[in-house]
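**Q** Quick one, fold the following:
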Amino acid sequence: MAMNKYMHPRNIYKNPPDFAKLSKDFSEFSNICKKDVSGKVTIDFKDPHSLRVLTRCLLKSDFKLDVKIPEDRLVPTLPLRLNYLLWIEDLMKAIKRTEHVKGLDIGTGACAIYPLLATAKNKWSMLGTENDEESLTKALENIQRNNLQDFIQLKLNKTSSILDYLFTQESGSEFDFSMCNPPFYSNIQELLESRSTARPPPKNGFTGSPHELITEGGELEFCRKMIQESKNHKNKVILFTTMIGHKFTLNELSEDLKADGIKYTSTEFCQGRVTRWGLAWTYQDYDVYKLAPPRDKPRKKIANTVHQLPELSESISNVDLAFNKLKSLLVGLKISNKVLNKKGNCIFLQITATENTWSNQRRKRRMLERKEANDAKKIKQEFSQEAETSVLENNNLEKKPTVPESACSSNLDSCDDVKPPQFLENPGADLEEQQLVHAFLKLFIKDSHIFLETEFLDGTSGKEGLHQIIQFIKNNWK
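**A** Numbers count the residues shown, from 1 in each chain. Below you'll find the predicted structure:
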């Protein structure tokens with residue numbers, strides 16, 4: 001689902017870049033683009049090299065920045081980075097910090113993309129921190145190449161802390177904001193399994209080194225640690241912010257902040273087919289929840305719905321037993337599911353359906369039974385016809401030459417190959433496996449009753465598709 005219309009109103013990439021102009025202005029871009037019969041200029045978005053060249057040329061064309069992106073490092077997607085930065089601009093304006101702004105970029109990376117953009121656009125002063133020495137060296141080269149060393153400083157973090165080490169070493173440093181784009185995953189296996197096989201393949205190529213994509217505990221534990229450390233430096237940073245890759249993480253962190261009585265706000269970053277989230281919190285005297293949102297027309301929100309599942313003859317007081325029952329129903333429907341977290345008597349999971357296997361189950365069974373009966377009747381008739389033909393041939397042996405046995409049985413043999421046609425076909429086989437329903441489920445037990453809370457995310461079947469799945473689960477729960 002294209003969501004460019006939900007991008008920040010000041011994002012220059014709400015309208016796609018002019019590839020034809022880029023190919024004329026930059027020879028390196030003309031080498032990787034191609035032109036179709038209609039004259040439209042395109043590139044291979046699944047090729048990391050093409051993505052690298054595109055990003056370099058856009059930075060030159062739109063921001064006058066000369067940035068070298070190492071082949072073994074993450075290629076930053078500019079629309080997403082710009083959405084994050086524009087949101088911070090809005091936050092700074094809301095707290096009336098528009099001049100001499102100083103920002104902190106945690107994990108700046110080999111491109112130092114946020115400090116470079118912040119300085120090129122707004123002349124902000126930035127400090128970037130990084131725990132990988134090679135990335136820090138490349139970032140410094142990019143800063144010097146653009147003569148921005150007077151605006152941007154870099155610092156190597158050799159500790160396991162996120163913020164503590166910085167303010168211990170530089171007790172006098174104060175910042176208007178901090179920003180961070182933490183690694184999403186906790187290990188290689190989680191990275192490899194992060195995309196369900198039921199979903200269509202990504203349109204963009206894969207880039208990034210392990211340390212850019214993986215951190216202990218994933219983004220949730222990283223951000224929780226950052227929040228804990230931020231409590232030690234309440235007066236050093238006005239607004240702490242971070243980008244988040246999974247909505248589940250946003251929900252968890254929001255609950256953490258709310259429980260600690262910390263003022264916070266959040267937003268969506270929409271671009272192309274990707275959604276990310278921004279989270280900001282403060283210990284200062286600002287009601288950040290009322291700060292201006294980054295979009296004029298936020299997407300329509302769909303409230304979560306809680307369903308009580310039917311009572312069972314056997315008592316289920318353990319959420320694991322209830323989950324096993326739910327999982328067996330989802331597997332039967334060919335709906336992929338992934339457990340995101342477990343808290344006490346609650347299990348959070350994500351489901352993805354690419355094939356409608358839940359609608360009109362009774363009708364489908366009747367039609368299948370009818371087809372099987374018709375096929376059996378047809379086979380029986382064919383056997384009867386063959387038998388009659390055999391009798392006639394035996395009665396007319398003097399009039400007709402003997403027919404070889406193999407020829408007489410040929411039609412009978414062919415009947416052995418007759419099979420009932422497959423009734424349930426994959427409706428998405430010709431459509432690159434469309435995602436029908438993508439949703440979050442929360443299974444929990446309260447007062448000895450089993451509940452299922454649903455949150456629809458996206459999918460071509462819409463909210464009604466999710467409702468039908470839940471209705472199927474309720475009907476078959478016993």
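**Q** so where do the strands sit in the stretch 101-250 of the chain?
**A** With DSSP state E, counting those that start in this stretch, the ranges of strands along the stretch 101-250 of the chain come out as 102-106, 125-130, 152-156, 175-180, 237-244.
**Q** To K24, which of those lies closest?
**A** Nearest of the strands of the stretch 101-250 of the chain to K24, taken as CB to CB: strand 152-156 at 31.6 Å. For every residue, glycine as well, the C-beta is placed using N, CA and C.
**Q** Hey, what's the angle from the closest one to strand 102-106? Just curious.
**A** Calculated by axes from the mean of the first three to the mean of the last three CA atoms, to 10 degrees, strand 152-156 forms an angle of 40 degrees with strand 102-106.
**Q** Other residues contacting strand 152-156?
**A** Applying CB atoms under 8 Å, 6 or more residues apart in numbering, the contact partners of strand 152-156 are 108, 112, 115-116, 119, 125-131, 133, 136, 139-140, 143, 166.
**Q** angle of it against strand 125-130?
**A** Using the same axes, to 10 degrees, the direction of strand 152-156 lies 20 degrees away from that of strand 125-130.
**Q** Go through strand 152-156 and flag the buried ones.
**A** I152, L154 (16 or more other CB atoms under 10 Å).
**Q** for stretch 96-104, same thing?
**A** V101, K102, G103, L104.
**Q** Could you single out the nearest of the residues you listed to N83?
**A** Once CB to CB is applied, the member of the buried residues of stretch 96-104 that ends up nearest N83 is G103, at 16.0 Å.
**Q** Quickly list what that closest one is bridged to.
**A** Legend: beta-bridge partners of G103 under DSSP bridges are M126, F177.
**Q** how about low-confidence regions in the stretch 101-250 of the chain?
**A** Counting by pLDDT under 70, the stretch 101-250 of the chain contains low-confidence ranges at 169-172, 184-217.
**Q** just the helices in it please.
**A** Using DSSP state H, counting those that start in this stretch, the helices of the stretch 101-250 of the chain run over 113-122, 133-145, 164-169, 188-192, 210-213, 218-230, 247-259.
**Q** What's the separation between T454 and F444?
**A** T454 sits at a distance of 12 Å from F444 (criterion: CB to CB, to the nearest Å).
**Q** Ok, E141 next?
**A** The gap separating E141 from F444 is 52 Å, by CB to CB.
**Q** more neighbours, those two?
**A** Using other CB atoms under 10 Å as the criterion, E141 and F444 rank with F444 on top: 18 against 15.
**Q** after the helix or strand containing the more buried one, next one along is what?
**A** Following DSSP states H and E, one finds F444 within strand 437-446. Next helix or strand after strand 437-446 toward the C-terminus (DSSP H and E): strand 449-458.
**Q** Quick check: K236 touching S178?
**A** No: using CB atoms under 8 Å, K236 is not in contact with S178; the gap is 9.1 Å.
**Q** Tell me which of the two has more neighbours.
**A** S178 (26 against 20).
**Q** how close does the nearest residue to that one once chain neighbours are set aside get to T242?
**A** Nearest residue to S178 in three dimensions, chain neighbours excluded: L104, at 4.1 Å (CB to CB, 6 or more residues apart in numbering). As judged by CB to CB, L104 and T242 stand 12 Å apart.
**Q** before we move on, what about C180?
**A** With CB to CB as the criterion, C180 and T242 are 4 Å apart.
**Q** Can you work out which residues contact both of the two?
**A** Common neighbours of C180 and T242, counting by CB under 8 Å, 6+ apart, are M226.
**Q** Buried deepest among the helices of the stretch 101-250 of the chain, which one?
**A** Across the helices of the stretch 101-250 of the chain, averaging neighbours per residue (mean count of other CB atoms under 10 Å) puts helix 113-122 on top, at a mean of 23.
**Q** counting contacts, what elements does the strand holding F444 pack onto?
**A** helix 319-332, strand 346-353, strand 449-458, helix 462-476 (3 or more CB pairs under 8 Å, 6 or more residues apart in numbering; DSSP states H and E).
**Q** Am I right that L104 is in contact with M179?
**A** Yes: using CB under 8 Å, L104 is in contact with M179, at 7.1 Å.
**Q** show me the contacts for the closest residue in space to M226 that isn't next to it in sequence.
**A** Sequence neighbours aside, I162 is the residue nearest to M226 in space, at 4.9 Å (criterion: CB to CB, 6+ apart). By CB under 8 Å, 6+ apart, the residues touching I162 are I106, F222, K225, M226, E229.
**Q** Once you drop chain neighbours, what's closest to the second one?
**A** Counting by CB to CB, 6+ apart, F222 lies nearest to P182, which is 4.5 Å off, once chain neighbours are set aside.
**Q** How many neighbouring residues does the one you found have?
**A** P182: 22 surrounding residues under other CB under 10 Å.
**Q** K225 is in contact with that one, correct?
**A** No: here P182 lies out of contact with K225, judged by CB under 8 Å, at a distance of 9.7 Å.
**Q** what do these two both touch?
**A** By CB under 8 Å, 6+ apart, no residue touches both P182 and K225.
**Q** and the closest residue in space to L333 that isn't next to it in sequence, how far is that from V339?
**A** Excluding its sequence neighbours, the residue lying closest to L333 (CB to CB, 6+ apart) is T357, at 4.7 Å. Separation of T357 from V339 (CB to CB): 21 Å.
**Q** could you list every residue that touches the residue nearest to F222?
**A** I106, G107, T215, E219, F222, C223, M226, T242, M243.
**Q** from these, which is closest to H467?
**A** Within those, proximity to H467 (CB to CB) peaks at E219, which comes in at 30.6 Å.
**Q** Run through the residues that contact A120.
**A** Counting by CB under 8 Å, 6+ apart, A120 makes contact with F63, K64, L65, N146, L148.
**Q** Report the buried residues of stretch 345-362.
**A** Residues I347, F348, L349, Q350, I351, T352, A353, T354, E355, N356, T357, W358 are the ones in stretch 345-362 that count as buried (16+ other CB under 10 Å).
**Q** can you list those residues in CSV and add pLDDT?
**A** As requested, the buried residues of stretch 345-362 are arranged in CSV below (pLDDT from 0 to 100):
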residue, pLDDT
I347, 89
F348, 86
L349, 87
Q350, 85
I351, 89
T352, 89
A353, 90
T354, 87
E355, 88
N356, 89
T357, 89
W358, 86
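**Q** how about those residues in a markdown table, adding distance to A20?
**A** Formatted as a markdown table, the buried residues of stretch 345-362 follow (distance: CB to CB, whole Å):
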| residue | distance to A20 |
| --- | --- |
| I347 | 51 |
| F348 | 46 |
| L349 | 46 |
| Q350 | 40 |
| I351 | 42 |
| T352 | 37 |
| A353 | 40 |
| T354 | 36 |
| E355 | 40 |
| N356 | 41 |
| T357 | 45 |
| W358 | 46 |
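**Q** Any chance you could list what contacts stretch 471-478?
**A** For stretch 471-478, the external contacting residues (CB under 8 Å, 6+ apart) are H307, L309, P310, L312, S313, K325, L326, L329, L333, W358, Q361, L452.
**Q** Test of understanding: give the bridge partners of the last one.
**A** Taking DSSP bridges, one obtains H307, L443 as the residues bridged to L452.
**Q** what does the model give it for pLDDT?
**A** With respect to pLDDT, L452 has a value of 90.
**Q** K34: helix or strand, and which one exactly?
**A** Using DSSP H and E, K34 sits within strand 33-35.
**Q** Name the nearest residue to L136, ignoring sequence neighbours.
**A** Spatial nearest neighbour of L136, excluding adjacent residues (CB to CB, 6+ apart): E130 at 4.4 Å.
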